[in-house]
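Chemist: Pasting a predicted model and its sequence here:
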Amino acid sequence: MTGARIDHAVSSGTFSLDGQTFDVDNNIWVIGDDSECIVIDAPHSVDDIMAVVGDRAVRAIVCTHAHDDHVRVAPDLRERVGAPILLHPDDRPVWELTHPGTAWDADLADGQVLEVAGTRIQVLHTPGHAPGAVCLYVPELGAVFTGDTLFNGGPGATGRSFSDRPTIEASIRARLFALPDDTVVHTGHGDDTTIGAEAEALGR
């Protein structure tokens with residue numbers, strides 16, 4: 001049995017790209033046990049994230065992609081908790097829109113395995129919403145964290161810079177729909193879903 005659990009909160013702020021800004025609510029996801037954890041994405045507010053983390057040691061800040069509503073406070077969170085920021089290098093041009101002249105700490109790679117609280121987290125490169133978008137699959141918890149790649153209701157948006165609809169659909173079909181149907185999908189925004197429900201709706 002794994003000792004890891006999933007903790008969750010919602011943080012409110014804005015998303016800006018291509019000269020437009022929107023109000024948006026982002027999910028905060030934290031995986032760990034009572035002593036250590038990783039934080040998935042860093043939206044809007046360090047204090048909102050720390051309310052979920054508590055006094056645990058943060059081992060990493062893992063970014064599903066580099067849109068500003070997912071990484072805006074990543075450097076500030078890094079400073080607060082002393083943990084490295086992890087991002088797929090294909091998202092460099094997106095990251096630099098928000099944090100020019102500031103680097104993340106380590107690259108994510110497809111197939112990489114992260115570990116926290118004795119639990120393995122598999123990195124799946126799923127480009128389309130952004131070139132360096134990744135999903136994080138945690139078999140022991142029956143869950144996948146999809147960022148903005150897959151939502152309850154279908155693929156993430158692809159109408160803006162650095163995104164592509166055929167690419168995101170190919171990523172979802174090849175990487176996510178290969179997971180067990182009962183895998184719970186924890187999204188970057190909105191409600192959970194399952195792989196089976198989205199595969200039925202989109203078609204494998």
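Modeler: Okay, I see it. Residues are numbered from 1 along each chain as shown.
Chemist: okay, now Ser161: neighbour count?
Modeler: Burial of Ser161 is recorded as 10 neighbouring residues (other CB atoms under 10 Å). Any C-beta I mention is one placed from the backbone N, CA and C, and that applies to glycine too.
Chemist: now Pro166
Modeler: Look at Pro166: counted by other CB under 10 Å, it has 9 neighbours.
Chemist: now it, nearest residue through space, not along the chain?
Modeler: Excluding its sequence neighbours, the residue lying closest to Pro166 (CB to CB, 6 or more residues apart in numbering) is Gly128, at 7.9 Å.
Chemist: tally of neighbours for that neighbour?
Modeler: 25.
Chemist: cool, Glu169 as well?
Modeler: 16.
Chemist: ok, back up a step: verify the contact between the residue nearest to Pro166 and Gly159 for me.
Modeler: No - the pair Gly128 / Gly159 is not scored as a contact, 11.9 Å apart, by CB atoms under 8 Å.
Chemist: distance of Ala103 from His67?
Modeler: Here the criterion is CB to CB, to the nearest Å. By it, Ala103 lies 17 Å from His67.
Chemist: can you count the residues close to the residue nearest to Leu108 when sequence neighbours are not counted?
Modeler: By the measure of CB to CB, 6+ apart, the closest residue to Leu108 outside its immediate chain neighbours is His88, 4.5 Å from it. For His88, the neighbour count with other CB under 10 Å is 26.
Chemist: now His88: how far from Pro131?
Modeler: Between His88 and Pro131 the distance is 8 Å, computed by CB to CB.
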